[in-house]
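K.L.:
take this sequence and fold it.
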Amino acid sequence: MDDAELHRAIAAHRAGQAQLAERHYRSFLQAQPGHGGAHHNLGLLIVQRGAPEEALAHFALACKADPGRGQNWFSYAKAMLAVGRPQDALPLLEQARARGISGPAFETVRQQASASSAAEDPTAVVARSQSAIARAPDDPEPHFQLGNALVLQGRIEDAIAAYRQAVALKPDFAEAHFRLGTLLSEHGRIAEGFSHYLRRAELVHGMGDAAPAVAPELPHKIKHDREQREYLAGLGIEAAFHLEEGGRIDGPAVNPRNYTDALLEQWQNNKPQLVVMEDFLTPAALEKLRRYCAGSTIWHRTYNAGYIGATPQDGLACPLMAQIAEEIQGTFPAIIGAHRFRYLGAFKYDSTLSTGTNIHADFSAVNVNFYIAPDEANLDPESGGLDVWNVATTSEAQMRQLNGNEDMARAYLKSSNAALTRIPHRANRAVIFRSDLIHKTSDCRFAEGYLNKRINVSLLFGDRGAPT
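P.N.:
Residues are numbered from 1 along each chain as shown. Got it, this is the predicted structure:
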């Protein structure tokens, strides 16, 4: 059976013909039982006809097939909430948030799940998992579920131990590698955590386990992937999954000469609180990172505004990036040193189809943002970098609300009489700034050509509200 059955299912679904759509989805899944998008859509239909318990299995299969898609986890969490299992919905919501799901709808569901789960003894989840382990100690799934429950209790080291056991029993357990990578990297063991992120990328993308997308790719993603295939073919590489050599370099990756008394004074006194520095990476690190971003098939996140993204779990977590993250903490001790690593992402913009990121703030203490595209690629030297306003979000709830509504964010800036600071793009320039300041990518205009695409790398450190 070809994809025509799936297209018929989607068309019927969009037309409101629920019974017909369900028949087509089920028929398609008989031939392709591992298709995450079809399982997700079928789960939505089943929930709509009032059977969320039945839908759980389909959402679980969707998350297994395509764990990088945040909507799978969000739908799974809502179904868990609908069947009265809020404690199980909470870790699913965390997975959705880690994959970019936010906004008022997400916040409403999260608050409902938190309120409902408060009445349940969190130790009950741990007890159930431990009982399952006692019955079947070689089954990796109870260890994985135990890790999830321990995270909710704040027992991080115990959760790490549970996830370690899960991957020891099942070395190809991609989601356990992802969660282990998250906990380790966020709690002081960046290099080890990144090795689990990289293993997850190899399992999901290198072994072909990622489900094909239900919706067609956007034009800028199609264009990028075509250009990357041509670039790799020129190097004699034809593989669908490829990671360039991304090992650590000898000597520093982050230029230590940027940490000066003048920089610290600027950090303490500038309003908005930010500092700009040139030659952020050493030449060897910059060149190697450029090659890694060009040749590695890690660009799996697609954004409607004309850009794509790479995450640690999709392959950005090479040892060089771990070295850079560690050295940022060590090189800028009075700015970053006290804050733990939280997140890493890279973003690549189409030369003509991109409108840049939306106005937003970030859920951390300090952002480090740097650019790796060559200067000659930027056709507007006075722009192409970062816009930062001297206004911060005042609460997590407000941040999520503004991040999900561009019009509301602009109205808030206007009512606050916010002043804009624009930092133009320069190759190997870095901007360190307070995370809750409202910011966005500046308008950018870059030359055509695969190696000319604007790329910025963003790292987040520390907890929101921590002193900066």
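K.L.:
isn't residue 247 right next to residue 318, touching?
P.N.:
Yes - shown here, residue 247 and residue 318 form a contact pair, counting by C-beta atoms under 8 Å, at 7.4 Å. (C-beta placed from N, C-alpha, C; glycine too.)
K.L.:
more neighbours: which of those two?
P.N.:
residue 318 (27 against 10; other C-beta atoms under 10 Å).
K.L.:
mind listing what residue 412 touches?
P.N.:
391, 402, 438 (C-beta atoms under 8 Å, 6 or more residues apart in numbering).
K.L.:
go ahead and list the helix or strand containing residue 200.
P.N.:
helix 190-201 (DSSP states H and E).
K.L.:
in the helix or strand just after that helix, what counts as buried?
P.N.:
Next along the chain after helix 190-201, taking DSSP H and E as the criterion, comes helix 219-234. Buried residues in helix 219-234, defined by neighbour count with 16 or more other C-beta atoms under 10 Å: 220, 221, 223, 224, 227, 228, 232.
K.L.:
pLDDT wise, what is the closest residue in space to residue 383 that isn't next to it in sequence at?
P.N.:
Leaving aside its sequence neighbours, residue 383 sits nearest to residue 442 (C-beta to C-beta, 6 or more residues apart in numbering; 4.7 Å). Per-residue pLDDT puts residue 442 at 91.
K.L.:
separation between residue 442 and residue 346?
P.N.:
17 Å (C-beta to C-beta, to the nearest Å).
K.L.:
more neighbours: the two, which one.
P.N.:
Shown here are residue 442 and residue 346; by other C-beta under 10 Å, residue 346 has more neighbours (24 against 20).
K.L.:
helices or strands next to whichever strand or helix holds the more buried one in the packing?
P.N.:
Using DSSP H and E, residue 346 maps to strand 341-349. Here strand 341-349 touches helix 174-186, strand 307-310, helix 319-331, strand 454-461, going by 3 or more C-beta pairs under 8 Å, 6 or more residues apart in numbering; DSSP states H and E.
K.L.:
let's go with 6 Å and repeat that
P.N.:
Applying 3 or more C-beta pairs under 6 Å, 6 or more residues apart in numbering; DSSP states H and E, one finds that strand 341-349 contacts strand 307-310, strand 454-461.
K.L.:
could I get the CA-only coordinates of the longest one as PDB?
P.N.:
Output in PDB follows, covering the C-alpha atoms of strand 454-461 (Å, rounded to 0.1, in the frame of the first residue of the first chain):
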ATOM      1  CA  ARG A 454      23.100  32.600   8.500                       C
ATOM      2  CA  ILE A 455      23.700  30.300  11.500                       C
ATOM      3  CA  ASN A 456      23.500  31.200  15.200                       C
ATOM      4  CA  VAL A 457      24.200  28.900  18.100                       C
ATOM      5  CA  SER A 458      22.400  29.600  21.400                       C
ATOM      6  CA  LEU A 459      23.200  28.200  24.800                       C
ATOM      7  CA  LEU A 460      21.100  28.800  27.900                       C
ATOM      8  CA  PHE A 461      22.500  28.700  31.400                       C
END
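K.L.:
does anything pack onto it? Which helices or strands?
P.N.:
strand 341-349, strand 366-371.
K.L.:
ok, residues contacting it?
P.N.:
For strand 454-461, contacts defined as C-beta atoms under 6 Å, 6 or more residues apart in numbering pick out 293, 325, 336, 339, 341-349, 362, 364, 366-373, 444, 446.
K.L.:
again, only this time at 7 Å
P.N.:
The contact list for strand 454-461 (C-beta atoms under 7 Å, 6 or more residues apart in numbering) reads 293, 325, 328, 336, 339-349, 362, 364-373, 384, 425, 435, 444, 446.
K.L.:
dump the C-alpha coordinates for the helix holding residue 200 into PDB.
P.N.:
These are the backbone C-alpha positions of helix 190-201, laid out as PDB (Å, rounded to 0.1, in the frame of the first residue of the first chain):
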ATOM      1  CA  ILE A 190      27.900  18.000  29.900                       C
ATOM      2  CA  ALA A 191      30.300  15.800  28.000                       C
ATOM      3  CA  GLU A 192      28.700  12.600  29.300                       C
ATOM      4  CA  GLY A 193      25.200  13.900  28.700                       C
ATOM      5  CA  PHE A 194      26.100  14.900  25.200                       C
ATOM      6  CA  SER A 195      27.300  11.400  24.400                       C
ATOM      7  CA  HIS A 196      23.800  10.100  25.200                       C
ATOM      8  CA  TYR A 197      22.200  12.800  23.100                       C
ATOM      9  CA  LEU A 198      24.400  11.800  20.200                       C
ATOM     10  CA  ARG A 199      23.600   8.100  20.700                       C
ATOM     11  CA  ARG A 200      19.900   9.000  20.600                       C
ATOM     12  CA  ALA A 201      20.500  10.900  17.300                       C
END
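K.L.:
can you list the low-confidence ranges for the stretch 251-400 of the chain?
P.N.:
Applying pLDDT under 70 to the stretch 251-400 of the chain flags the ranges 354-357.
K.L.:
can you give me the helices in it?
P.N.:
Remark: helices assigned in the stretch 251-400 of the chain by DSSP state H, counting those that start in this stretch are 261-269, 283-295, 319-331, 396-403.
K.L.:
I'd like those laid out as TSV, including mean neighbour count and distance to residue 110.
P.N.:
Rendered in TSV, the data for the helices of the stretch 251-400 of the chain read as follows (neighbours: other C-beta atoms under 10 Å; distance: least, C-beta to C-beta, whole Å):
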stretch	mean neighbour count	distance to residue 110
helix 261-269	13	33
helix 283-295	18	33
helix 319-331	21	28
helix 396-403	18	9
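K.L.:
of the ones you listed, which is nearest residue 95?
P.N.:
Taking C-beta to C-beta, helix 396-403 is the member of these nearest to residue 95, at 16.6 Å.
K.L.:
the next helix or strand after the closest one to helix 396-403, inter-axis angle?
P.N.:
Sequence order places helix 406-415 as the next helix or strand after helix 396-403, per DSSP H and E. Interaxial angle of helix 406-415 relative to helix 396-403 (axes from the mean of the first three to the mean of the last three C-alpha atoms, to 10 degrees): 110 degrees.
K.L.:
number the residues from 575 up from this point.
P.N.:
In the new numbering, first residue 575, that becomes helix 980-989.
K.L.:
name the residues that touch stretch 702-715?
P.N.:
With C-beta under 7 Å, 6+ apart, stretch 702-715 has contacts from 716, 717, 719, 720, 723, 740, 743, 744, 747.
K.L.:
try it again at 6 Å.
P.N.:
Around stretch 702-715, the neighbours that count as contacts under C-beta under 6 Å, 6+ apart are 716, 719, 720, 723, 740, 743, 744, 747.
K.L.:
circling back to that earlier point, now tabulate the helices of the stretch 825-974 of the chain in a markdown table and tack on distance to residue 662.
P.N.:
Formatted as a markdown table, these follow (distance: least, C-beta to C-beta, whole Å):
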| stretch | distance to residue 662 |
| --- | --- |
| helix 835-843 | 43 |
| helix 857-869 | 37 |
| helix 893-905 | 32 |
| helix 970-977 | 22 |
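K.L.:
mind pulling up the pLDDT for residue 747?
P.N.:
Confidence score, pLDDT, at residue 747: 90.
K.L.:
hmm, back to that, quick one, which of the helices of the stretch 825-974 of the chain is nearest to residue 882?
P.N.:
helix 857-869 (11.3 Å).
K.L.:
which helices and strands does the closest one pack with?
P.N.:
Partner elements for helix 857-869 (3+ C-beta pairs under 6 Å, 6+ apart): none found.
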